[in-house]
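**Q** make a model of this:
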Amino acid sequence: MYGVIDLDKKFFNLKSLCIKLLIFVVSLLLFLTLLELSLRFLGKVWQHNRSDYQHSTLINKDNNTIACFGDSYTVGGLGTRDLSYPGILNKMTLPNKTTVLNLGICESNSSQVLEAIENYTVKNNSRAIVLLVGAANKYNFYGMKKINFYQTLRIYKMYQIMKLSLVNKFLKKEMVDKFNDAPNSGYYLSNDIEKIFSDARGIDNTYGTLHTINYYLARKNDRLPMQSSFTDSGKERVKELLDGLSEQEKQKIIVDLIPIYSFMGDNDKTKYYYDIAKKTNPFEAKQILVFNCLDKNNNMKEEDKIKIFNELIAEDPYEGYCNIIQFYLNRTVFIKDETEKNRRLKLAKSYLDKLISLATTDDQRTCEILLEYYRVSGEFDKAKKLYEEQFLKKNKRTRFKDFYFKTAYYLVYYGNFSEAVYYFIQAFKQNPRLDLHSYYYFSKAFDLQNKYDAKYVLNEFENISKKYPKLRNNPSFNTCKESFKNRLSFENKVLEWLKIDVEKIIDICKEKNIKLIIQNYPFPYFAVNKTLREISDKYNVTFIDNYIIFSNLVKENGYRRYFLDFDHCTEEGHKIIANNVYSVLIDEKII
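**A** Presented below is the predicted three-dimensional model:
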């Protein structure tokens, strides 16, 4: 009797759970359907309310318009439509009351632009259509035939945008957590790190042990891309390593023991070794104590810090300047308050100028400090030039042996993902046996940029494999390489899709007797730019090579003059594009 009742209860509970689950699923589907319809409706409303769209829907019998179609590069990027290249072109001297229309839509792909041109040409017969499209095809899959149905939905596009934004934020947080500032003796990225330190201790137990200890301290400060963090067992390991050193060995690294024991919270031993170090190396002992004090007293007034700094400088100007500069550069990369960040950089630069006045131009330590200043301040081109000329070409040993790798991480934090990809590749050329975390961040940076394609990466990986034959057995390298093979297959489909859409646009323009002008991007979107060029050559369509023009201008005048963020144009950049289009309109006698 009771067993039957229990079964009934279980059946009732299961039935109730199934009903609740069904209601949840139906509600979720209904919500997603309403969201999809709302996004489509809002998109239509937004489009119809645009003044240039309303203009484009009017029947134009005078054939006096130049219609510009494309994505954010046509819209104006981060600026306004008045400062976009169509807006600037419209203000230039155009005969016969010619009007330039900006019909670009941010993040539109080739299929969306094709639809817009089809709708536009039903009622309008422009003199010319100017086309710049293809960059958004990498992540906006609307209209792509060889994709799943869900990838055509607006909610999927919204999901993709949110996902990219979250990945961006996640990577920034990772950069802060894992590379907060430089630990005492650098950081290490090898999979067999314990073996390296064991070998080091075999060669010189004192310094090998010091490096091992600093490795654990670096992990404690979350400055390494390691899976496990510093725990009590790590602290015990440091204590064990310290206790394993004889007093004679400790005398060799006595200055280094001061911050280590201070970090471990052993004040008695910190003071004990400071008192000994003060007798043999007073200046070095004092500066370590000073900077430990400054680190622990974040609220110390600036004038008090400067007073302490001046005391160090008075004793040894060169050493004083070196230590003060590094004090200001530490932690500066990840400071969110731009005012505070600029203040620290300004102070570091003022002391750096004084240091350079004391040292020779090829002094290694001065070069290293200058290099770090360039990197922290975001002057990566200067840092790269200095590193390659002063250290790489001369084959000098330097604490910046991981320059490319750490620079790539800084670039990820700054959101410059395309340049991060370049520096990751350079790092792999130097040390392709970096761990899986390195390849993970490299892959994420690649996904968030549009400059390099998978073919470029695979070609570089193949060259690296030839240089390091044993690398073919490295699981991290092979996993990353396989993922890029999959990316290449997808990218080829995307480029084929772009080609088909542009060919259809060419056919429409020929049928309507509209002059078509195809541009490529001023930014090095290599694969897309190459595809646009090939299509133009094949069908004898007028082509504007913005990329070549901008490449030469950037070499002469610098990147920041023409690009506002990391790929969109400044007003000056849009003026260049407008002039390029204007020249073609005149040369081709379109206006």
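**Q** okay, now the residue nearest to Glu107 when sequence neighbours are not counted: neighbour count?
**A** Nearest residue to Glu107, sequence neighbours excluded (C-beta to C-beta, 6 or more residues apart in numbering): Ala136, at 4.9 Å. For the C-beta atoms, the positions are set from N, CA and C on the backbone; glycine is no exception. Neighbours of Ala136 under the rule other C-beta atoms under 10 Å: 23.
**Q** could you measure from Ala136 over to Lys470?
**A** With the distance defined as C-beta to C-beta, to the nearest Å, Ala136 ends up 41 Å from Lys470.
**Q** same question, Lys269
**A** 45 Å.
**Q** same question for Ile88.
**A** From Ile88 across to Lys470, the span is 56 Å (C-beta to C-beta).
**Q** these two: which is more packed in?
**A** Using other C-beta under 10 Å, the more surrounded residue of Ile88 and Lys470 is Ile88, with 21 against 9.
**Q** the closest residue to the more buried one other than its chain neighbours: which element?
**A** Using C-beta to C-beta, 6+ apart and skipping residues adjacent in sequence, the residue nearest Ile88 is Ala578, 4.1 Å away. Following DSSP states H and E, one finds Ala578 within helix 571-587.
**Q** show me which residues of that helix are buried.
**A** Using 16 or more other C-beta atoms under 10 Å as the test for burial, helix 571-587 gives Glu571, Gly573, His574, Lys575, Ile576, Ile577, Ala578, Asn580, Val581, Tyr582, Val584, Leu585.
**Q** distance check, the residue nearest to the last one when sequence neighbours are not counted against Ile544.
**A** Spatially, and ignoring its direct neighbours in sequence, Leu585 is nearest to Ile591 (4.8 Å; C-beta to C-beta, 6+ apart). Ile591 sits 15 Å away from Ile544 when distances are taken as C-beta to C-beta.
**Q** quick one: which of those two has more around it?
**A** A direct count of neighbours by other C-beta under 10 Å for Ile591 and Ile544 places Ile544 higher, at 21 against 17.
**Q** pretty sure the more buried one is touching Tyr521, no?
**A** No. Contact criterion C-beta atoms under 8 Å: Ile544 and Tyr521 do not qualify, at 10.6 Å.
**Q** what sits against the closest residue to Ile577 other than its chain neighbours?
**A** The spatially closest residue to Ile577, leaving aside those adjacent along the chain, is Tyr85, at 3.9 Å (C-beta to C-beta, 6+ apart). Taking C-beta atoms under 8 Å, 6 or more residues apart in numbering as the criterion, Tyr85 is in contact with Cys68, Tyr73, Thr74, Cys569, His574, Lys575, Ile577, Ala578, Val581.
**Q** the bottom helix or strand of this structure by mean pLDDT?
**A** When each helix and strand of the chain is scored by mean pLDDT, DSSP states H and E, helix 51-56 comes last, with a mean of 47.
**Q** from the chain's centroid, how far away is the helix or strand immediately after it in the chain?
**A** The helix or strand immediately downstream of helix 51-56 is strand 65-70, counting by DSSP H and E. Chain-centre distance of strand 65-70: 32 Å, with C-alpha atoms, centre = their mean, to the nearest Å.
**Q** tilt between the helix holding Ala578 and strand 65-70?
**A** Angle between the axes of helix 571-587 and strand 65-70 is 130 degrees (criterion: axes from the mean of the first three to the mean of the last three C-alpha atoms, to 10 degrees).
**Q** and for helix 571-587, what's in contact with it?
**A** For helix 571-587, the external contacting residues (C-beta under 8 Å, 6+ apart) are 66, 73, 76-77, 79, 83-89, 92, 128, 130, 517, 519, 522, 542, 544, 546, 549-550, 553, 561-564, 569, 590-591.
**Q** spatially central residue in this protein, please.
**A** Phe417 (2.5 Å; C-alpha atoms, centre = their mean).
**Q** list the contacts of that one.
**A** Applying C-beta under 8 Å, 6+ apart, we find Phe417 in contact with Leu411, Ala445, Phe446, Leu448, Gln449, Phe566.
**Q** for Glu503, state which of those residues is nearest.
**A** Using C-beta to C-beta, Gln449 is the member of those that lies nearest Glu503, at 27.2 Å.
**Q** mean confidence for the helix or strand harbouring Lys429?
**A** Assigned by DSSP H and E, Lys429 belongs to helix 417-430. Helix 417-430 shows a mean pLDDT of 90.
**Q** next one: that helix to chain centre, how far?
**A** 11 Å.
**Q** return it as CSV; C-alpha atoms alone will do.
**A** What follows is helix 417-430, C-alpha atoms only, in CSV (Å, rounded to 0.1, in the frame of the first residue of the first chain):
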residue,chain,number,x,y,z
PHE,A,417,44.6,42.7,-31.1
SER,A,418,46.0,42.8,-34.7
GLU,A,419,49.4,44.0,-33.5
ALA,A,420,49.3,41.5,-30.6
VAL,A,421,49.0,38.7,-33.2
TYR,A,422,52.1,40.0,-34.9
TYR,A,423,54.1,40.1,-31.6
PHE,A,424,52.8,36.6,-30.6
ILE,A,425,54.2,35.3,-33.9
GLN,A,426,57.6,36.9,-33.2
ALA,A,427,57.6,35.4,-29.7
PHE,A,428,56.8,31.9,-31.2
LYS,A,429,59.7,32.3,-33.6
GLN,A,430,62.0,33.0,-30.6
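**Q** what helices or strands is the helix or strand hosting Asp275 leaning on?
**A** For Asp275, the element it lies in under DSSP H and E is helix 267-280. With contacts taken as 3 or more C-beta pairs under 8 Å, 6 or more residues apart in numbering; DSSP states H and E, helix 267-280 sits against helix 254-264, helix 282-296.
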